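Engineer: Generate a structure from the sequence data that follows.
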Amino acid sequence: MAMCSVQAGERLDDFQLENVVARSGMATIFRARDMRSGQPVAIKIPHLEVESDPVFFDRFRREEQIGLSLDHPGIVKVLHAEKSSVYIVMEWAEGKLLRELLHEEGELSVERATGIAQQICDALDYIHSRGIVHRDLKPENIMLDAEDNVKLLDFGIAAKAGARRLTFGKLSPTVGTPDYISPEQVQGKRGDCRSDLYAVGVMLYEMLTGQVPFEGDNAFIVMNARLRNDPPSPREIDPEIPRSVENILLRALSRDPKQRYASAHNLARDLQYPEQAAVGAPVRPREGKSRLQAWATNALSYIGLALAPPLLTLLAYVARHH
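Structural biologist: Numbering: from 1, shown residues only. Alright, predicted model coming up:
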């Protein structure tokens, strides 16, 4: 189990740690009290086993630098602090995660879902204009207050234009969360602002239908489906979704980044005025492929997966005896 260097109840420099609010494979986030101002803050502390990794340290430091450079009401603020060790101090944002809201309510109304998506796009437009791509947008990284005002969280794997690419031993080559990453990220590419817009499309799809576009027994099946197939029509799941909203959503979820929206501003504008959006039904690449070709391609993929273990066993046997 991942361990943090400090525990709830301890003091860290000018901050009294109160309780753990989130834990990932790399860091723990505490609610804490700033003893100078008396205000609550959130503190992100890396785990012991990754704290000494130089690549992780570089990534953690970049997350703090990116956070300190941002000032937008839709993005959690990173605060300056005098520190004796490696951690990040952030404003305390009251509310609930979009994930919690979806667990409680399942589907949201079209008006509410598109309103939340517009706010996410507004925050994205701000960071994209500064050359920053979030790369890990998902309901767990969207905070909502009582009035549904949005704050983006966790820039842990964000990328800045011109910065050298980092890899980290505890992260797979495909960085991001399988249900929400874009097809190009599945292919190992770094991704750009259109990758973030794909994730917005997935979250909007989930808010409107109560399910993600692609599901499967494991992450590899989900990612493979994203590369080969287009998402099911949202209106097949809920016919009450306006066709204009469906067309906007499917454009955001295009497999080809060139067919998606070019900017978060454009996507937000169409979501605000869907009936005025000049968006037709997107071109679906799979329609040019016969059912037989599609069946053969999928069959070969699954046959390859099925044959991999016995082939590896055979190769090991041959190597052991020769």
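
Engineer: all helices of this structure, in order?
Structural biologist: Taking DSSP state H, the helices of the chain run over residues 48-51, 54-69, 98-105, 110-128, 183-186, 193-209, 219-228, 234-237, 243-252, 264-272, 291-321.

Engineer: can those go into CSV with extra columns for mean pLDDT?
Structural biologist: Shown next, in CSV, are these (pLDDT from 0 to 100):
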stretch, mean pLDDT
helix 48-51, 76
helix 54-69, 87
helix 98-105, 96
helix 110-128, 97
helix 183-186, 87
helix 193-209, 96
helix 219-228, 77
helix 234-237, 95
helix 243-252, 96
helix 264-272, 97
helix 291-321, 45
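
Engineer: Ranking these by mean neighbour count, which comes first?
Structural biologist: Ranked by mean neighbour count, the helices of the chain are led by helix 193-209 with a mean of 25 (mean count of other CB atoms under 10 Å). Quick note: C-beta positions are derived from backbone N, CA and C, even for glycine.

Engineer: Now do that one and helix 110-128, the angle between them.
Structural biologist: Between the direction of helix 193-209 and that of helix 110-128, the angle (axes from the mean of the first three to the mean of the last three CA atoms, to 10 degrees) works out to 160 degrees.

Engineer: Could you name the helices and strands sitting against helix 193-209?
Structural biologist: Contacts defined by 3 or more CB pairs under 8 Å, 6 or more residues apart in numbering; DSSP states H and E place helix 193-209 against helix 98-105, helix 110-128, strand 132-133, helix 183-186, helix 234-237, helix 243-252, helix 264-272.

Engineer: Would you mind saying which of those lies nearest S24?
Structural biologist: Of all the helices and strands packed on helix 193-209, it is helix 98-105 that lies closest to S24, at 13.7 Å by CB to CB.

Engineer: Just the CA atoms from the closest one would do, formatted as PDB, please.
Structural biologist: Output of helix 98-105 as PDB, limited to C-alpha atoms (Å, rounded to 0.1, in the frame of the first residue of the first chain):
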ATOM      1  CA  LEU A  98     -18.900  15.300 -10.800                       C
ATOM      2  CA  ARG A  99     -18.300  11.600 -10.200                       C
ATOM      3  CA  GLU A 100     -20.300  11.800  -7.000                       C
ATOM      4  CA  LEU A 101     -23.100  13.700  -8.700                       C
ATOM      5  CA  LEU A 102     -23.300  11.100 -11.400                       C
ATOM      6  CA  HIS A 103     -23.400   8.300  -8.800                       C
ATOM      7  CA  GLU A 104     -26.300  10.100  -7.100                       C
ATOM      8  CA  GLU A 105     -28.400  11.100 -10.100                       C
END
